[in-house]
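> Whatever this is, show me its structure:
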Amino acid sequence: MEFNVSFLKHISSIIAPSGYEKEVIDVWCKEMSQYVDEINLTNIGNAVAVKHGCGDKRKKIMITAHADEIGIIVTYIDNNGYLYFDEIGGIDTNILPGRTVLIKGVDNNIVRGCIGVKPIHLQKESGSKQSLNPEDLWIDINVDNKDSALKLVEIGNVGTLESLAYQQGNKLIGKAMDNRCSLSAIVSIAQKLAKKECNDDIYYIATTQEELRGRGAQTAAFTINPDICIVLDVTHATDYPGMSPVRDGEINLGKGVVIAIGPNMDNEITKKVVSLAKNLNLSYQLEVCARPTGTDANVIQISRNGICTLLLSIPCRYMHSPVETIDIEDLKSCCTLVTKLIENRYYL
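Just a heads-up that it's a prediction; the model follows:
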């Protein structure tokens, strides 16, 4: 299956932390409008794109991917024009010093700044590694005072770590691959299925605020109440130094979509999908999740009286960093698996 890498590069560059997804949602809706019958936006910001089925006894199939990313929000500006911030979503604060950030400032103008920290020479325990908190850091936007800063940035403005997506072979590296890669996969799936007569109604959802415990997905699942939900997200690749297959699992870039197994997923649909992947001779990997996953599947499964939920993931190295790394072949295998699952109604 073909995959639009240029579209993924574009949407990964958009500044859209949790709660501020509108720009990336708008771009996704414009692309999706070619392949669906209708698109609606919800109060929490989800986009719901629907392809109506043609069967007499139609099922409701929901396919989700979250649009948000980790980021920062400006909390204070001091008299010298330095910005202080808090983190949106799960960020390793220790990777922040020395990074550049892009902030959506006044009138949505992009402001570049660098995250500063006291040099190691001046730290009290020179030579030791600090365990940093956001309040230990600041953003320098190279102004002289607070008034100059306020012409560019206001309290409550959000930003992300600066990162330009680039490709090396089949690998794609950049920020927000979590989970813009799955958002792009939905476009490829919708494009393929647009040419097919599907028996069932398909609800493609770009959800919001997944990084804040699946708030958008929770409302989408409650409203749509689907018969089946397929959640697309990333998972941790473990094919780099320091990882243990016993402790961390064995997930590799380039070896196919990851099918999650465990109590957060419906056992029967999971077995059917594994069987389908085998029948298609499609590359796939298995991930055992003994507890609720850190994905939208967590809240979707327990919506209303319970929803049959499947979780498919794209392996990703260095998650929640500016250099998240994925393999395009894994995206293609994910798109093929989902498309064939729906075409053949393999979930029945």
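
> in this structure, which spans are helices?
Using DSSP state H, the helices of the chain run over 5-13, 22-32, 146-150, 177-193, 215-224, 245-248, 267-279, 297-301, 328-343.

> Identify each buried residue in the third one, please.
Residues of helix 146-150 classed as buried by neighbour count (16 or more other C-beta atoms under 10 Å): residue 149. C-beta coordinates here come from the backbone N, C-alpha and C atoms, glycine included.

> when you give positions from now on, start the count at 814
Happy to do that; since the first residue is 814 now, the last one works out to helix 959-963.

> tell me what that helix is packed against?
strand 884-890 (3 or more C-beta pairs under 8 Å, 6 or more residues apart in numbering; DSSP states H and E).

> and the strand it packs on, what other elements does it pack with?
Short answer (3+ C-beta pairs under 8 Å, 6+ apart): strand 884-890 packs on strand 896-901, strand 913-917, helix 959-963, strand 971-974.

> Could I get the helices of the chain in TSV, plus columns for distance to residue 874?
Output for these, formatted as TSV (distance: least, C-beta to C-beta, whole Å):
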stretch	distance to residue 874
helix 818-826	23
helix 835-845	16
helix 959-963	49
helix 990-1006	10
helix 1028-1037	10
helix 1058-1061	32
helix 1080-1092	11
helix 1110-1114	13
helix 1141-1156	6
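
> Enumerate the residue intervals of this protein where per-residue confidence is below the cut-off.
Filtered on pLDDT under 70, the chain yields the residue ranges 814, 937-943.

> in it, which residue is closest to the centre?
The centroid of the chain falls nearest to residue 992 when counting by C-alpha atoms, centre = their mean (1.8 Å).

> you'd agree it is up against residue 1046?
Yes. At 5.3 Å, residue 992 counts as touching residue 1046 under the criterion of C-beta atoms under 8 Å.

> what is in contact with those two at once?
With contacts taken as C-beta atoms under 8 Å, 6 or more residues apart in numbering, residue 992 and residue 1046 have 878, 879, 1023 as neighbours in common.

> Just put these in JSON lines and tack on distance to residue 1084 and neighbour count.
Formatted as JSON lines, the shared contacts of residue 992 and residue 1046 follow (distance: C-beta to C-beta, whole Å; neighbours: other C-beta atoms under 10 Å):
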{"residue": "878", "distance to residue 1084": "23", "neighbour count": "29"}
{"residue": "879", "distance to residue 1084": "26", "neighbour count": "30"}
{"residue": "1023", "distance to residue 1084": "26", "neighbour count": "28"}
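
> closest to residue 1013 among those?
Nearest to residue 1013 out of these is residue 878 (C-beta to C-beta; 18.9 Å).

> bridging residues for the closest one?
Applying DSSP bridges to residue 878 yields these beta-bridge partners: residue 1019.

> Report the contact partners of it.
Contact analysis of residue 878 by C-beta under 8 Å, 6+ apart lists 992, 995, 996, 998, 999, 1018, 1019, 1020, 1044, 1045, 1046.

> Only the buried subset of those, as a ChimeraX command please.
Listed next is the ChimeraX selection for buried residues among these, using 16+ other C-beta under 10 Å:
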select :992,995,996,998,999,1018,1019,1020,1044,1045,1046
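
> Could you work out the most separated pair of the contacts of residue 878?
Farthest pair in the contacts of residue 878, by C-beta to C-beta: 998 and 1020, 13.9 Å.
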